[in-house]
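> A predicted structure for the sequence below; I have some questions about it.
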Amino acid sequence: MRFHPSQDNALSREASAVAAALRGCRRGLVDVAIFSIAINLLMLVPSFYMMQVYDRVLASRSVATLIMLTLVVIFLFGIMAGLDWVRSRLLVRLGNRFDEQLQQRLHQSLYRQALTNPSAASVQGLDDLATLRQFFSSPAVPAFLDTPWIPVYLGILTLFHPYYGLFALCAGALLLALAVLNESRTRELLKQAGARQVSNRDTTAANLHNSEVLHALGMVESIQHRWQAIHREGLTLQSLASDRAGTLTHLSKALRLLSQSLILGLGAWLVLVAELTPGMMIAGSILLGRALAPLDQLINGWKTFIAARNASGRLNTLIGAATPGEPMALPCPRGSLTLENVSAAPPGSQDITLKAISLTLSPGEQLAVVGPSGSGKSTLARVVLGIWPSLDGCVRLDGADILGWQRHALGPHLGYLPQDVELLAGTIADNIARFAAVDAEAVVKAATLAGVHELILSLDDGYDTVIGPQGLGLSAGQRQRIGLARALYGHPCLVVLDEPDASLDDAGERALAQALDGLRRQGTTTLVITHRQCLQDRVDRILTLRDGQVAAQRARRSADDGPVGAKTLPGKVIKRVTPHRPASAGGPS
């Protein structure tokens, strides 16, 4: 399949989109790390306070010393609470910043995936981004930030007594082993459960689009049974993973509490043999609890970490596979269209539906494409517009590869009316204006050219009429005519109409015929797929497809041209003198 030459470089640049977004949050992460350093230093306060109380205050029986130490501790705890509060707010905003770093590329990748691999199209990426954003504000992140301080606490315990350090090291190693065991026993289960959940969600979303058919044919119950079976599998895997994780979580909690108790017994023995002070005994227990707390939190938050890691992997795959390079900007096209030996197939399919198609259209020329169902007409429309890449050959607009244009710059110069017209939720004016800033004059001009202006005015709110997703609230004919107005909006240089008369009544067909005449007058290159003779009689040339190949290509039979169609060789292009596109009609600025 052909892709733009810069795409390989783009894939390497986007190999780790999540890592790139994290680099964009580097300054905030440094600030959070600094706050974590201060918080962990203040975490030593309770231990040293207890040590001073037992070793100094009780020995000296000094109330003033106790009051002073207590006031200092209260002050430091207030600072620690404030730093912890600020750190949590920073993490929330870091999550938002991370979201902003990825959201645009993710949105583009979702739509590109829908074009290049329709069977894998899903909005799961949005949920994955939300999972990663929420991970920043979860307890797992402070636990990760506190983990590097474990050696510091172990070092202080060792300074109290080597036995303390050895005991803490063994307890920490045991908790770490439980964390590793937790990961190994739940990773695959959570991954499989997540995959089933994603698949079931996407299938349900697709089925909802066909709810009328499912209801009419009595298929809802069958679909429900299938959904329940997959959902039950996911719940079973999720429950098994949770059971395993829960067992290890409770075991680690019990082990941590037991370790804090046992170290008190060890400390008491050391006090009895005069190798430790009572204050160090109490402080050691507190320090051990603080040293083991990050490991315990990591085990408790392991499910959150696994979910974030899986979401990160899916996002990297999605954005890395679907983000092309940005080509250089090109001048506004005039509408010269050339197909050079083009072969194509639907994305992800190996069945070639277009075979070695060659075609040339001058600016302002109109071509009708005819042929039986399955002959490749709609594939031709999509390839001409650069929606689907060709397997071989090249589609050129004004001499440039159609894939070499910046899509956001080229789109306003193109018009497209697909077979299945789907309008978006919003006003009619928004839909005609392609959801850009509404230019009222241009909207009315496009609606008038499409012959739908009067129909829109007859609605209660006119152009401000709000329609639902997929044009809910409008008839098929109304959607098609508004879709035609959208295709004609902004004076495009190339318009492709795929069965534009499929849902039209007589008035709609007359409006469509007048629209073709209007496109001819303004010099717009037009490709129309149709079976209607009345539309074929209005174009300059007719291309007949059969089995993905050009069966015949002839000039339109008219009183001026004479009978030429019957003697034309298949695939031979007959040039006619057509009016050049006016210089002022090169598309919107």
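That came through fine.

> can you pull out the helices in the stretch 401-550 of the chain?
Taking DSSP state H, counting those that start in this stretch as the criterion, the stretch 401-550 of the chain carries its helices at 407-410, 428-432, 440-449, 453-457, 476-488, 506-521, 533-536.

> show me the domain layout of the chain.
Following automatic domain parsing, one finds the domains of the chain at 7-138+321-325, 149-300, 337-585.

> any chance of the ones you listed in JSON lines with distance to residue 331, mean neighbour count and mean pLDDT as columns?
For glycine as for every other residue, the C-beta is placed from the backbone atoms N, C-alpha and C. Shown next, in JSON lines, are the domains of the chain (distance: least, Cβ to Cβ, whole Å; neighbours: other Cβ atoms under 10 Å; pLDDT from 0 to 100):
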{"stretch": "domain 7-138+321-325", "distance to residue 331": "20", "mean neighbour count": "16", "mean pLDDT": "82"}
{"stretch": "domain 149-300", "distance to residue 331": "40", "mean neighbour count": "17", "mean pLDDT": "83"}
{"stretch": "domain 337-585", "distance to residue 331": "8", "mean neighbour count": "18", "mean pLDDT": "82"}
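
> now residue 392: phi and psi?
phi -150, psi 160 (degrees, to the nearest 10).

> and it, how far from residue 548?
12 Å (Cβ to Cβ, to the nearest Å).

> same question, residue 448
38 Å.

> can I get the helices of the stretch 401-550 of the chain in CSV including distance to residue 419?
As requested, those are exported to CSV (distance: least, Cβ to Cβ, whole Å):
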stretch, distance to residue 419
helix 407-410, 22
helix 428-432, 18
helix 440-449, 20
helix 453-457, 21
helix 476-488, 10
helix 506-521, 14
helix 533-536, 15
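
> those helices: which one's closest to residue 28?
helix 407-410 (30.0 Å; Cβ to Cβ).

> who touches the closest one?
329, 330, 333, 386, 397 (Cβ atoms under 8 Å, 6 or more residues apart in numbering).

> assign a three-state SS to residue 359, would you?
Three-state call for residue 359 (DSSP: H, G, I helix; E, B strand; the rest coil): strand.

> just checking, it touches residue 339?
Yes: using Cβ atoms under 8 Å, residue 359 is in contact with residue 339, at 4.2 Å.

> about what we covered before: please tabulate the domains of the chain in JSON lines, including the columns distance to residue 313.
Output for the domains of the chain, formatted as JSON lines (distance: least, Cβ to Cβ, whole Å):
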{"stretch": "domain 7-138+321-325", "distance to residue 313": "9"}
{"stretch": "domain 149-300", "distance to residue 313": "9"}
{"stretch": "domain 337-585", "distance to residue 313": "22"}
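
> wasn't residue 342 part of a strand?
Yes: counting by three-state DSSP, residue 342 falls inside a strand.

> reduced to three states, what does the closest residue to it other than its chain neighbours come out as?
Counting by Cβ to Cβ, 6 or more residues apart in numbering, residue 342 lies nearest to residue 393, which is 3.7 Å off, once chain neighbours are set aside. At residue 393 the chain is in strand, as set by three-state DSSP.

> settle this for me: residue 393 is touching residue 356, isn't it.
Yes: using Cβ under 8 Å, residue 393 makes contact with residue 356 at a distance of 7.2 Å.

> where do the contact lists of those two overlap?
341, 342, 343.

> which among those residues gets closest to residue 524?
Using Cβ to Cβ, those come closest to residue 524 at residue 342, 21.8 Å.

> okay, and the beta partners of the closest one?
Beta bridges link residue 342 to residue 357 when assigned by DSSP bridges.

> that one against residue 396, yeah?
No: in this structure residue 342 lies outside contact range of residue 396 using Cβ under 8 Å: 10.0 Å.

> spatially central residue in the protein, please.
residue 106 (3.7 Å; Cα atoms, centre = their mean).

> might one say that that one is in contact with residue 130?
No: between residue 106 and residue 130 there is no contact under Cβ under 8 Å: 10.8 Å.

> excluding chain neighbours, give the residue nearest to residue 175 in space.
residue 295 (4.3 Å).

> nope, residue 499 is what I was after
That would be residue 419: by Cβ to Cβ, 6+ apart, it lies 4.8 Å from residue 499.

> with residue 110 instead?
Using Cβ to Cβ, 6+ apart, the closest residue to residue 110 is residue 125 (5.6 Å).

> report the contact partners of the one you found.
106, 109, 110, 314, 315, 318.

> closest one to residue 50 out of the residues you listed, please.
Using Cβ to Cβ, those come closest to residue 50 at residue 315, 46.4 Å.

> ramachandran angles for that closest one?
phi -70, psi -40.

> which neighbouring elements make contact with the helix or strand encompassing the residue nearest to residue 175?
If you go by DSSP states H and E, residue 295 is part of helix 278-300. Contacts defined by 3 or more Cβ pairs under 8 Å, 6 or more residues apart in numbering; DSSP states H and E place helix 278-300 against helix 45-52, helix 140-146, helix 150-160, helix 162-208, helix 220-272.

> quick one: closest of those helices to residue 504.
The nearest among the helices and strands packed on helix 278-300, by Cβ to Cβ, is helix 162-208 at 28.0 Å.

> show me what contacts residue 91?
32, 136, 137, 141, 142.

> neighbours of the fourth one, how many?
Which is residue 141. Number of residues near residue 141 (other Cβ atoms under 10 Å) recorded here: 23.

> so it sits against residue 134, correct?
No: judged on Cβ under 8 Å, residue 141 makes no contact with residue 134 at a distance of 10.5 Å.

> and residue 541, how far is that from residue 534?
16 Å.

> go on, residue 207?
39 Å.

> wait, is the residue nearest to residue 110 part of a helix?
Yes: assigned with three-state DSSP, residue 125 falls within a helix.
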